[in-house]
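> below are the sequence and a predicted model for it; my questions follow.
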Number of protein chains: 4
Amino acid sequence: MHDCTRLEKPIAAAQITSGMGVDDLTRALGGCGFGAGRLAQACDIYEAMVRDTATTKFFGLAGAMVPAGMRSIISGLIRDGYIDVLVSTGANLVHDLLESLGLPHYKGSEVVDDNELCREDIDRIYDVYVPELHFTHLEEHLLGVFPEMGDQISIREMLSAIGKSLNDPDSILRAAYECDVPIFCPAVQDSMIGLHAWLYRQTNPLNVDVFADVHEFLDICFESERSGVFIIGGGVPKNFILQGTLMTSKGFDYAIQLTTDRPEYGGLSGATFDEAKSWGKINEDAKSVAVYADATIALPIIVAAVRSRLR
Amino acid sequence: MHDCTRLEKPIAAAQITSGMGVDDLTRALGGCGFGAGRLAQACDIYEAMVRDTATTKFFGLAGAMVPAGMRSIISGLIRDGYIDVLVSTGANLVHDLLESLGLPHYKGSEVVDDNELCREDIDRIYDVYVPELHFTHLEEHLLGVFPEMGDQISIREMLSAIGKSLNDPDSILRAAYECDVPIFCPAVQDSMIGLHAWLYRQTNPLNVDVFADVHEFLDICFESERSGVFIIGGGVPKNFILQGTLMTSKGFDYAIQLTTDRPEYGGLSGATFDEAKSWGKINEDAKSVAVYADATIALPIIVAAVRSRLR
Amino acid sequence: MHDCTRLEKPIAAAQITSGMGVDDLTRALGGCGFGAGRLAQACDIYEAMVRDTATTKFFGLAGAMVPAGMRSIISGLIRDGYIDVLVSTGANLVHDLLESLGLPHYKGSEVVDDNELCREDIDRIYDVYVPELHFTHLEEHLLGVFPEMGDQISIREMLSAIGKSLNDPDSILRAAYECDVPIFCPAVQDSMIGLHAWLYRQTNPLNVDVFADVHEFLDICFESERSGVFIIGGGVPKNFILQGTLMTSKGFDYAIQLTTDRPEYGGLSGATFDEAKSWGKINEDAKSVAVYADATIALPIIVAAVRSRLR
Amino acid sequence: MHDCTRLEKPIAAAQITSGMGVDDLTRALGGCGFGAGRLAQACDIYEAMVRDTATTKFFGLAGAMVPAGMRSIISGLIRDGYIDVLVSTGANLVHDLLESLGLPHYKGSEVVDDNELCREDIDRIYDVYVPELHFTHLEEHLLGVFPEMGDQISIREMLSAIGKSLNDPDSILRAAYECDVPIFCPAVQDSMIGLHAWLYRQTNPLNVDVFADVHEFLDICFESERSGVFIIGGGVPKNFILQGTLMTSKGFDYAIQLTTDRPEYGGLSGATFDEAKSWGKINEDAKSVAVYADATIALPIIVAAVRSRLR
């Protein structure tokens, strides 16, 4: 005889209707298996995480989300209190800075002669183009910001100073500055912001200590009553957010990851939240789910659904 | 100087709002890159394909879509004229048959002791469970159908006879029967329907010629003024639908594939539509796109969006 | 305190030396984690499977292995007793037939204008090219074979008749014919062999019953004392080989899969062998492993290693 | 008529024999398509890169290569002159440090109760285990190293000081120290080395400027007559190595990547070398190839083959 509890929830076929809302859709997928069920579960967990006011909400941002057109979603989440702490790759901040200065990305094609693009001074990010001239404007802007920001600062403070210099309300950097949401970027030298900071530093006083903002980050972890994390991709942001728990011995209570990586190759980006439990990074009774999907598809859906539920 | 046409379309950051509809969402992603842009494009192409009344619409169904809860979507598409010809794996039809007989799948977990499940006579399909007892009921039903259907039939006719035997309006097999939508299933012996047909045939007259329905399939291809294809996964359904063009020398005009396979390993499931153009399977000026996503996520979105546009 | 048995086997760093043999390499990876460890384990299991003379050895062949240059490996395995039963996609047999008739595939590039290729009558399979003219020669050959083979045959017999018609010792079809290794191809109509059989059948008597060779296949399963399976890719060959166990209630004792599919999307090609245990397809105490790798890389290594061990 | 040059190189079926060497194997795959052909090409490019004495050889190390047992391969490459500059994630250096202190990793299983592991103080990395006690020993060692290394240093110098403190000849950190191969680790604070440096810095003078070693890195780039890069995985090491070219305007002449990421999701780890050409990161006439494979499989093969060719 089988364990009766195993057969308690029949799969409920998704009913899809014309005119349905995104939140209706995510609810319609709640009784489904595979990715559909995981997506629905991610909406439920994110809703619970945001509703739980005792929870500090971390957000890890890797992948080329800003070039793909996802920055208004992120800055909106910051402005509306869905994100308390942002950990990002340098690249997403560089591309946010470009857009914030009115320097757009362009929709191109991944089927193209890249040597021709090179001769035309166009840089390609899959099917998105960036004119190289944009980076000259970015440099000019940064050269105006660096002298303003003090010569002994942390990476977090440097990013805050850049946010302060911007006017664009859709800017991630600006929104974080205005809302006092700290942005951590452990590998900032691995970006155009970093390279220009280095260039500036060649002839000007500037000391950015690698570890200067670690204290601030860990304090937030220590002081959290409960904590939740929403991870886009993986990479340094995923590892950095989760490693805080190794110092605080307080695992996460809510965890969502949107990824296309997989566990079998052993890298951290594809590691499961179960694996993270062995390290104590995720609590035994945490609500957690990974959605195996392109984040440019899954993030807008989850945000639309959870915003609908919380309005 | 760069080619000005390359920089004509700035990426438009997706604006996500509470209460938005699925179609709004897909339009909000239209100016984005990566998967978001591809998903939006798939909606546009599917809308154009369905609106083009001169187009014969093929649908290829692989993967375990029915166990995951996707069968009402498929049967609804059949009933509402979005599918003219269905090519399926045997498994999807077997699981549709189970559900049509009132034998549900259950939502389980992929983290489980499979040896225990085996002892409890529960079969697992990732996070979906099926009690083995269901297959006994399936056999009983089929034993009642086989004698009714003539002893010299094609696979297509056999599937039609099974559809006729069902009452469930959500059934793919029933909907296809009612709507005169032919279902082709080239590897039917590679399924429980096939195994039971073989068992029956041990003691009863039954001859199902492998090639008996190829003519019907090719006739549909020949007679199509234009043609479009929507492919879930890949496998035999993808190859079978596309190979028709090798006989007719008429490539497809519209093509959408939802897949997580990739081109670099060389298999047909992951082959691009560009590759298909070298074979003449897809026309040079066809509207085509592959969305690299779990079909249980992408299909419901596309269907909700296109149904909204066409209501 | 931890369970001491968990920490019994230290990872042994791979020692790679110049001039080392493939078998040395696979042994050097035996103490490693991730894919390296899995590859080493696959060699051990394949060695054990072949050494166990009471085991019937099934081989499932999907993906475009023959166009990629893997056919001598397969035909060699047949000739040397590593394969007792072959289940293949139609495509691999079609491309084996081309090569066996002296009609080669060519090394091309995946970065190419496919519309130009189409105009030049060259078909592309990722980075491999096939001139369309080859298919005319294939048709001519088949038109000579069909009349010889009787008009009431099974798919297995049809493939055997084609093998008989060939001279190339490297041919999979020929090797199987000579060695009395049956080839099953459940979706044969989903291939150029099938389309030409259908064309021939338009004007000649030919009846190929779908289920005619199922008995032969199941008899082999029933009569096996023990059984092992080596699966390339997944698809119909994987499902067909494993479903035999549903009729015989005898699971496999050895199982190896080389695949790049993944479990989370729910399709059978990516399903784990653990999942297969819930169905009873794989025995509880079976030796089994999946290697997540391009089969054109993993298969040659495993074959070289196991041949070295067994010489 | 087709372009004759397209059909010049027939696919040469791989001939696999018992007792063959790894280099024989890679040569046997040279006439194959898909991953087999790419692997063979990677060997040829790596051989050419190492033979070209005017080339500075960069190596990017991401993924959990050291826990999987790959560190002797890396340290051997450093000692034998195959690597001039190493850019690594912090994690690989932490795990190298563990092993160098005689604190092994253990071969475990990915199918395990992670909550139990947590209670047993065992951390899991896919199928590899690390006892948490190891990290206490790591801390003790580092506390002895930090006071020795000066209080105003770069990340590169800090890693060199750690290498100096070790005796294990198989150690990556030690080999780099002995051979004067600089190790760059842009996100060092995203690792246990970084966390302990931060802890030490709470009560001791230590200033590690983020940008202090960028000059050294860029000088190497500037001074290279030609340059080559071997990338494991992607992540920060890939981006950091390639972004040097944006400052020097000198693209790479040789480039190999072993990855399982894919281009379609837009992230840098999966970006093709063609895309990199649009940025000028890779030269138009560079020899470059990506091998889509688990690096724990592909790296040992390539190293064994190239070592054989260069002995």
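Noted; the coordinates are in hand. Numbers count the residues shown, from 1 in each chain, chains lettered A, B, ... in the order given.
> show me what contacts the residue in the stretch 151-300 of chain A that chain C sits nearest to?
Per Cβ to the nearest Cβ, A:Gly266 is where the stretch 151-300 of chain A lies closest to chain C, at 4.1 Å. All C-beta spots, glycine's among them, are computed from the backbone N, C-alpha and C. Applying Cβ atoms under 8 Å, 6 or more residues apart in numbering or on different chains, we find A:Gly266 in contact with C:Gly33, C:Phe34, C:Gly35, D:Gly63, D:Ala64, D:Pro67, D:Ala68, D:Ile125, D:Tyr126, D:Asp127, D:Val128, D:Thr296.
> please redo it, this time with the cut-off set to 7 Å
C:Gly33, C:Phe34, D:Gly63, D:Ala64, D:Ala68, D:Ile125, D:Tyr126 (Cβ atoms under 7 Å, 6 or more residues apart in numbering or on different chains).
> before we move on, what about A:Ala286?
A:Ala286 touches A:Gly251, A:Phe252, A:Asp253, A:Tyr254, A:Ala255, counting by Cβ under 7 Å, 6+ apart.
> so which of those residues belong to strands?
Using DSSP state E, the subset of these located in strands is A:Phe252, A:Asp253, A:Tyr254, A:Ala255.
> quick one: which of those is most hemmed in?
With neighbours taken as other Cβ atoms under 10 Å in any protein chain shown, the top of those is A:Phe252, carrying 29 neighbours.
> and the pLDDT for it?
With respect to pLDDT, A:Phe252 scores 98.
> partners of it in the sheet?
Going by DSSP bridges, A:Phe252 is paired in beta bridges with A:Ile282.
> right, and it touches A:Ser227 too?
Yes - the criterion here is Cβ atoms under 7 Å, and A:Phe252 meets it with A:Ser227 at 5.1 Å.
> residue of the stretch 201-311 of chain A nearest chain B, please.
Closest point on the stretch 201-311 of chain A to chain B, by Cβ to the nearest Cβ, is A:Asp294, at 3.2 Å.
> hang on, that residue packs against B:Ala293?
Yes - assessed by Cβ under 7 Å, A:Asp294 is found in contact with B:Ala293 at 5.9 Å.
> any common contacting residues for these two?
Common contact partners of A:Asp294 and B:Ala293 (Cβ under 7 Å, 6+ apart): B:Gly35.
> hang on, A:Leu246 in a strand?
No - counting by DSSP: H, G, I helix; E, B strand; the rest coil, A:Leu246 falls outside a strand, being helix.
> residue contacts, it?
Neighbours of A:Leu246 in contact, by Cβ under 7 Å, 6+ apart: none.
> got a pLDDT number for it?
At A:Leu246, pLDDT is 92.
> gap between the residue in the stretch 101-250 of chain A that chain B sits nearest to and C:Glu264?
Residue of the stretch 101-250 of chain A nearest chain B, by Cβ to the nearest Cβ: A:Glu120 (3.3 Å). As judged by Cβ to Cβ, to the nearest Å, A:Glu120 and C:Glu264 stand 40 Å apart.
> so which strand or helix has the closest residue to A:Val22 other than its chain neighbours?
Counting by Cβ to Cβ, 6 or more residues apart in numbering or on different chains, A:Val22 lies nearest to A:Ala304, which is 3.9 Å off, once chain neighbours are set aside. Using DSSP states H and E, A:Ala304 sits within helix A:295-310.
> burial count for the residue of the stretch 201-311 of chain A closest to chain B?
Counted by other Cβ under 10 Å, the residues lying close to A:Asp294 total 29.
> repeat for A:His141
18.
> same deal with the one 3 residues further on?
When neighbours are defined as other Cβ under 10 Å, A:Gly144 has 9 of them.
> mind listing what it touches?
By Cβ under 7 Å, 6+ apart, A:Gly144 has no neighbours at all.
> and the strands in the stretch 101-250 of chain A?
Per DSSP state E, counting those that start in this stretch, the stretch 101-250 of chain A carries strands over the ranges A:106-107, A:122-125, A:128-131, A:152-153, A:183-184, A:207-208, A:226-232.
> just name the most buried of the ones you listed.
Stretch with highest mean neighbour count among the strands of the stretch 101-250 of chain A: strand A:183-184 (a mean of 28; mean count of other Cβ atoms under 10 Å in any protein chain shown).
> near chain D at all, it?
No - applying Cβ under 7 Å from any Cβ of the partner chain, one finds strand A:183-184 out of contact with chain D, separated by at least 9.2 Å.
> which residues are contacting that strand?
A:Leu86, A:Val87, A:Ser88, A:Ile155, A:Arg156, A:Leu159, A:Ala176, A:Asp213, A:Phe217, A:Phe240.
> the biggest helix by length in chain A packs against which elements?
The longest helix of chain A (DSSP state H) is helix A:34-51. Judged by 3 or more Cβ pairs under 7 Å, 6 or more residues apart in numbering or on different chains; DSSP states H and E, the packing partners of helix A:34-51 are helix A:22-28, strand A:55-61, strand A:252-259, strand A:282-292, helix A:295-310, helix B:295-310.
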